[in-house]
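pasting the sequence and the predicted coordinates here, then a few questions.
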Amino acid sequence: MDHFECNNPGCVKPAHLRVVTHAENVFRKGGLPGVYARATHCPRGHLFSEENTYRGPTNPTRVCKICRKVAGINYGKRNPERIKAQGRKYVIKHKSYVAAYRRAYYVKNKKRIDAQRSLLRQKKRESR
């Protein structure tokens, strides 16, 4: 039940009451869940559109994809050693997968990689 007309919880007039869902009741109230549900932009001003909104697998909270990406980049800049360590752990844990990926990448980009290697060899010879 919602006090649609007078917004007074103590009111019992049938004309002022309306049956609504819990979600609509939360949406209409002034608390934080209602404020976040009504928000059309993230705190930094990016629009909450379908292509710019991330919803986590376990948490339905909306997150701006642009801000999420910037936060990830900033985290990497602040913690470069931690990011490298995580990458090393992944390579160790998934050795066969990483090796297969590297082989496939080399086969696909063989000409470019060989050209880069030959240029590096030439530069080393010239610098001696």
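The structure has been received and is ready for your questions.

from here on, just use CA atoms for contacts and neighbour counts.
Fine.

who's in contact with whichever strand or helix holds E126?
For E126, the host element (DSSP states H and E) is helix 110-127. With contacts defined as Cα atoms under 8 Å, 6 or more residues apart in numbering, helix 110-127 is touched by Y106.

outline the domain layout of the protein.
As recorded under automatic domain parsing, the domains making up the chain are 1-38, 94-127.

now find how far off-centre the shortest one is within its chain.
On the basis of Cα atoms, centre = their mean, to the nearest Å, domain 94-127 is displaced by 32 Å from the centre of the chain it belongs to.

model confidence over it, on average?
Averaging pLDDT along domain 94-127 yields 91.

the strands in this protein, which residues?
Along the chain, counting by DSSP state E, strands occupy 2-3, 17-18, 53-55, 62-64.

in CSV, list the ones you listed along with mean neighbour count.
Output for the strands of the chain, formatted as CSV (neighbours: other Cα atoms under 10 Å):
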stretch, mean neighbour count
strand 2-3, 19
strand 17-18, 15
strand 53-55, 16
strand 62-64, 18
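
where do the helices sit along this protein?
Along the chain, the stretches classed as helices by DSSP state H are 22-28, 32-38, 65-78, 80-93, 95-108, 110-127.

turn those helices into JSON lines, including distance to R44.
Formatted as JSON lines, the helices of the chain follow (distance: least, Cα to Cα, whole Å):
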{"stretch": "helix 22-28", "distance to R44": "22"}
{"stretch": "helix 32-38", "distance to R44": "14"}
{"stretch": "helix 65-78", "distance to R44": "8"}
{"stretch": "helix 80-93", "distance to R44": "25"}
{"stretch": "helix 95-108", "distance to R44": "38"}
{"stretch": "helix 110-127", "distance to R44": "41"}
